[in-house]
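> return atomic coordinates for the entry below.
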Amino acid sequence: MADYIVRATAANKQIRAFAATTRELVEYARTIHNTSPVATAALGRLLTGGAMMGSMMKGEKDVLTVQMKGDGPIEGIIVTADSKANVKGYPGNPNVIIPPNYAGKLDVGAAIGYGNLFVSKDLGLKEPYNSQLPLTTSEVAEDLTYYFAKSEQVPSAVALGVLMEKDNTVKQAGGFIVQLMPFAEEKVIDALEQNIAKITSVTNYLEKGYTPEMLLEEVLGDLGVEFLDKIPTKFHCDCSKHKVSKALIGVGKKGLQEMIDEKQPIEVNCHFCNTHYVFDTEELKKLLKAAVK
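Numbering: from 1, shown residues only. Purely as a prediction, here's the structure:
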């Protein structure tokens, strides 16, 4: 199944909901970053949540950045998404290996540790919208739930999951975000809470062959779910040699001259997609001419 996000409403628009299947993009991220199983799970959950959060934005050029910065051995995770549900991200330490948690599962919370969640939305205004909150469980879904409640004042239920194969490739990945609108009636809230309480892990449903639509029917079925649209989601990095050139020009004449004096090509690596860009001495000299100071 190709990765996609489905958007829906329920209970006469008193609820809005998103669900995603993201196995391909999470597996791609695992491949390019060569992540350990626990790093794959942590990054995969945040990529899935970030993709759905990106799809909530309206503007063509809107960009969302979500960062979980804790004191755990993964050394933080950063994810960026746009309104078309293109998403990219990377962990600080992709090779982290820690014991399973008490339930025998990958211990994402311990890998991330205690710290803060940072969310930035660049909506084309003078200043981006920034939010900082303490991490709760560091298991990702609960932290995004807390963010929606505290920073956006939107009661939400977030579920995210990544299931690994025995060969450490990604078997299943996906999730959902269900949100109550301010005018939601008490009986709708109660019914939704009862439905969500019955949900086991997202990957259990994905393993049974559930699609994102079926996931939302499971959560919202008796509340009159109405599907609005379905959008593809993928791991996409918009880096380029041109963009990296502009960043190098920003180093300034002194810094560029020092690179030229080394008489060796320099290599610049994109953290998000691990693409390497090489600049030889002649290219650096051209950038030097373009530098202001």
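> residue 26 contacts residue 163, correct?
No. Using Cβ atoms under 8 Å, residue 26 is not in contact with residue 163, being 10.0 Å away. To be clear about C-beta, it is placed using only N, CA and C from the backbone, and glycine gets the same treatment.
> common neighbours of these two, please.
Common contacts of residue 26 and residue 163, defined by Cβ atoms under 8 Å, 6 or more residues apart in numbering, comprise 170, 173.
> next one: residue 282 from residue 292, what distance?
Distance, residue 282 to residue 292, by Cβ to Cβ, to the nearest Å: 21 Å.
> residue 121 now?
Distance from residue 121 to residue 292, by Cβ to Cβ: 30 Å.
> tell me which of those two has more neighbours.
residue 121 (19 against 7; other Cβ atoms under 10 Å).
> and the pLDDT for the closest residue to that one other than its chain neighbours?
Leaving out its chain neighbours, the residue that sits closest to residue 121 by Cβ to Cβ, 6 or more residues apart in numbering is residue 129, at 4.3 Å. The model reports residue 129 with a pLDDT of 91.
> check the one 3 residues further on too.
Among the per-residue scores, residue 132 holds a pLDDT of 97.
> so for the helix or strand that contains it, what gets flagged as buried?
Using DSSP states H and E, residue 132 maps to strand 129-134. Residues of strand 129-134 include none that count as buried (16 or more other Cβ atoms under 10 Å).
> and the residue of the chain most remote from its centre, how far from residue 255?
Using Cα atoms, centre = their mean, the residue of the chain lying farthest from its centre is residue 261. It sits 40.3 Å away. Separation of residue 261 from residue 255 (Cβ to Cβ) stands at 11 Å.
> just residue 138 next, same as before
Taking Cβ to Cβ, one finds residue 138 at 37 Å from residue 255.
> comparing these two, which shows the higher neighbour count?
More neighbours surround residue 138 than the other of residue 138 and residue 255, with 24 against 14 (other Cβ under 10 Å).
> report the mean per-residue pLDDT for the helix or strand where residue 187 lies.
Residue 187 belongs to helix 186-197 when assigned by DSSP H and E. Mean per-residue pLDDT for helix 186-197: 93.
> show me how far it is from its chain's centre.
Here helix 186-197 is found 27 Å from its chain centre; the criterion is Cα atoms, centre = their mean, to the nearest Å.
> what are the buried residues along that helix?
188, 191, 192, 195.
> on that earlier part again, now do the contacts for the residue farthest from the centre of the chain.
Residue 261 touches nothing, counting by Cβ under 8 Å, 6+ apart.
> one more: residue 58?
residue 83.
> so between residue 26 and residue 163, which is more surrounded?
Using other Cβ under 10 Å, the more surrounded residue of residue 26 and residue 163 is residue 26, with 29 against 20.
> residue contacts, that one?
40, 43, 44, 47, 48, 162, 170, 173.
> repeat that for 6 Å
44, 162, 170, 173 (Cβ atoms under 6 Å, 6 or more residues apart in numbering).
> do a quick rundown of the helices in the stretch 151-293 of the chain.
Along the stretch 151-293 of the chain, the segments classed as helices by DSSP state H, counting those that start in this stretch run 186-197, 202-207, 212-220, 241-249, 253-261, 281-290.
> and the longest helix for this structure?
Counting by DSSP state H, the longest helix found in the chain is helix 37-55.
> helices and strands around it, which ones?
strand 15-21, helix 23-33, strand 63-70, strand 77-82, strand 86-91, helix 108-112, strand 156-164, strand 170-180 (3 or more Cβ pairs under 6 Å, 6 or more residues apart in numbering; DSSP states H and E).
> how far off helix 23-33 does the last one point, in degrees?
Interaxial angle of strand 170-180 relative to helix 23-33 (axes from the mean of the first three to the mean of the last three Cα atoms, to 10 degrees): 120 degrees.
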